[in-house]
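Enquirer: fold the stuff below for me.
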Amino acid sequence: MEVPNKNTQVNFDNTEIAFQHKSNKDLEKAYWLFKMVASNALIKIGTPITTFSLNIGLPIQGIIKNTIYKQFCGGESIEDCRKSIDELAVGNVTTILDYSVEGEETEQSFDETFQELLRAIDFAKTNPHISFSVFKPTGLGRFDLFTKVNEDKPLTSDEQAEFDRVLTRIDAICKASYEADIRVLIDAEHSWVQDSIDDIARDMMQKYNKEKPLVYNTYQLYRHDKLASLKADFAFAELQGFHIGAKIVRGAYMEIERERAKEMGYPSPINPTKEATDKEYDDSIRFCLDHADKIGFMAGTHNEESSNLLVHEMQKRQISPENKNIFFAQLLGMSDNLSFNLAAAGYNVGKYMPYGPVKAVMPYLFRRAQENTSVGGQTGRELGLIIKEKKRRKAAKK
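Expert: So this is what the prediction gives:
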């Protein structure tokens, strides 16, 4: 494919392309769901009520499954995801398989998650529409154990054996990804466990990214130190002769980070303003593009300005939209105007597709709903686009 003209812009307002995969019924459901999510009060009240109802066994799973779960998740199993994977593929959007079970704390649950992640990689080998798999390190080991390692505190012999099992699971996942030639994303977490995760991710990249980027670490750019971390990792990779895989995001734990820093009396790791985060994010895009031959990177963002910046910078550098070292990514059920219009213009796009039992993925779903209410204008933007498409379809019938 030829590199587009420098003045070519992707039209993120094209709702016909954005919602081509949604029936009128699905569009109507999405409309009412985002109307509901727009209410902060409803989210704050509804979250604990829903959790309580699920815990005592009230029959509300069917309601959840047909509303918020259907909007943001692919299914309860990998096989259930096939329909959603195929629907995305029609619009040239690939799938990022994300087993989104959170909050488990037993060795049995960690082993079950580990086996499921291996199944996802095995499934991806036979499906050309899957571009990445992903895992949270704390889905494979206790959060408190990561905290202790992060603080460089001595581990007991039992804890060391436990952490060795975590490392074995992570290495096996990265090895399976390497052998299957499937990229794998290591998700970022809270700052007080992130250094230990960064160390593991760096080791995995050094081991499996000799030929090309397959293992990706995540850099949360709302932290004032993560662009520096990305640059340091790149310098180390250059020295040691391997490729960096970088998923760049703004971040998902801002309020928790600030509250903990205040409570415990240490400087907040979060940038003081949104403008500072935006600058760090956009600078990271430019840095990755400056080294696109050695860095495989994914711009995980729902921000239209950053998406436009990446398009513009690729065109300025005469980098083809089909360059496999560069991906855009959004969450399933959100920002379809970005995903499908970018894909229609020839860019590589992946959608995070969470899956897992309804009750087990509720923490993930609650976080998605809360993020939609906290990200300035996000819910309003989603609603506006849905309304525009409903009007377009109605006019087209006349």
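Enquirer: correct me, but residue 98 touches residue 350?
Expert: No - using C-beta atoms under 8 Å, residue 98 makes no contact with residue 350, being 10.4 Å away. Every residue, glycine included, has its C-beta placed from N, CA and C.
Enquirer: can you pull up the bridge partners for the residue lying closest to residue 77 once chain neighbours are set aside?
Expert: Sequence neighbours aside, residue 355 is the residue nearest to residue 77 in space, at 6.7 Å (criterion: C-beta to C-beta, 6 or more residues apart in numbering). Judged by DSSP bridges, the bridge partners of residue 355 are residue 75, residue 99.
Enquirer: for the stretch 51-200 of the chain, what are the low-confidence residue spans?
Expert: Within the stretch 51-200 of the chain, the stretches with pLDDT under 70 are 51-62.
Enquirer: how about the strands in this protein?
Expert: Assigned by DSSP state E, the strands in the chain fall at 94-99, 130-135, 183-186, 215-220, 244-249, 295-300, 326-331, 349-355.
Enquirer: if I look at the nearest residue to residue 206 once chain neighbours are set aside, how far off is residue 188?
Expert: Spatially, and ignoring its direct neighbours in sequence, residue 206 is nearest to residue 242 (5.1 Å; C-beta to C-beta, 6+ apart). Applying C-beta to C-beta, to the nearest Å, the value for residue 242 to residue 188 is 20 Å.
Enquirer: more neighbours: the two, which one.
Expert: The neighbour count for residue 242 versus residue 188, taken as other C-beta atoms under 10 Å, is higher for residue 188 (24 against 21).
Enquirer: quick check: the more buried one touching residue 219?
Expert: Yes - between residue 188 and residue 219 there is a contact at 7.1 Å, judged by C-beta under 8 Å.
Enquirer: what is in contact with those two at once?
Expert: residue 249 (C-beta atoms under 8 Å, 6 or more residues apart in numbering).
Enquirer: which residue is nearest the centroid of this protein?
Expert: Central residue of the chain (C-alpha atoms, centre = their mean): residue 352, 5.6 Å from the mean position.
Enquirer: in contact with that residue, which residues?
Expert: Contacts of residue 352 (C-beta under 8 Å, 6+ apart): 96, 98, 134, 300, 329, 330, 331, 332.
Enquirer: among those residues, which pair sits farthest apart?
Expert: 134 and 330 (13.7 Å; C-beta to C-beta).
Enquirer: before we move on, back to that, and the residue nearest to the centre of the chain, how far is that from residue 88?
Expert: For residue 352, the distance to residue 88 - C-beta to C-beta - is 11 Å.
Enquirer: next, count neighbours for residue 126.
Expert: With other C-beta under 10 Å as criterion, residue 126 counts 8.
Enquirer: let me redo that: residue 67
Expert: Neighbours of residue 67 using other C-beta under 10 Å come to 16.
Enquirer: surely it touches residue 28?
Expert: No - counting by C-beta under 8 Å, residue 67 does not reach residue 28; the two are 11.8 Å apart.
Enquirer: who touches both of the two?
Expert: Common neighbours of residue 67 and residue 28 (C-beta under 8 Å, 6+ apart) do not exist.
Enquirer: show me the helices in the stretch 51-200 of the chain, by range?
Expert: 61-65, 68-72, 82-90, 107-125, 143-150, 157-180, 191-208 (DSSP state H, counting those that start in this stretch).
Enquirer: quick check: beta-bridge partners of residue 247?
Expert: Applying DSSP bridges, one finds that residue 247 bridges with residue 218, residue 298.
Enquirer: now the closest residue to residue 220 other than its chain neighbours: phi and psi?
Expert: Distances taken as C-beta to C-beta, 6+ apart place residue 251 nearest to residue 220, at 3.7 Å, with adjacent residues excluded. With angles defined as degrees, to the nearest 10, residue 251 sits at phi 140, psi 160.
Enquirer: what sits against residue 103?
Expert: residue 363.
Enquirer: number of residues surrounding residue 265?
Expert: Residue 265: 6 neighbours (other C-beta under 10 Å).
Enquirer: do you know how far it is from residue 177?
Expert: 40 Å.
Enquirer: with residue 342 instead?
Expert: 25 Å.
Enquirer: next: residue 132.
Expert: 9 Å.
Enquirer: which residues are in contact with both of those two?
Expert: Joint contacts of residue 132 and residue 177 (C-beta under 8 Å, 6+ apart) are 183, 184.
Enquirer: so the two - more neighbours on which side?
Expert: Between residue 132 and residue 177, residue 177 has the larger neighbour count (other C-beta under 10 Å), namely 27 against 24.
Enquirer: which residues touch the closest residue to residue 388 other than its chain neighbours?
Expert: Sequence neighbours aside, residue 15 is the residue nearest to residue 388 in space, at 5.0 Å (criterion: C-beta to C-beta, 6+ apart). Residues in contact with residue 15 (C-beta under 8 Å, 6+ apart) are 337, 385, 386, 388, 389, 392.
Enquirer: among those residues, which one has the most neighbours?
Expert: residue 337 (28 neighbours).
Enquirer: for that one, give its distance to residue 387.
Expert: From residue 337 to residue 387 the distance is 13 Å (C-beta to C-beta).
Enquirer: need the CA coordinates for stretch 255-268. CSV is fine.
Expert: This file holds the C-alpha atoms of stretch 255-268, laid out as CSV (Å, rounded to 0.1, in the frame of the first residue of the first chain):
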residue,chain,number,x,y,z
GLU,A,255,-7.3,8.5,41.7
ILE,A,256,-6.0,5.4,43.7
GLU,A,257,-2.4,6.5,43.1
ARG,A,258,-3.0,10.1,44.3
GLU,A,259,-5.0,9.0,47.4
ARG,A,260,-2.4,6.4,48.4
ALA,A,261,0.5,8.9,48.0
LYS,A,262,-1.3,11.5,50.1
GLU,A,263,-2.3,8.9,52.8
MET,A,264,1.3,7.5,53.0
GLY,A,265,3.1,10.8,52.7
TYR,A,266,5.2,10.3,49.6
PRO,A,267,5.2,12.4,46.3
SER,A,268,2.5,11.4,43.9
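Enquirer: run through who's touching it.
Expert: Counting by C-beta under 8 Å, 6+ apart, 190, 191, 192, 269, 270, 374 sit against stretch 255-268.
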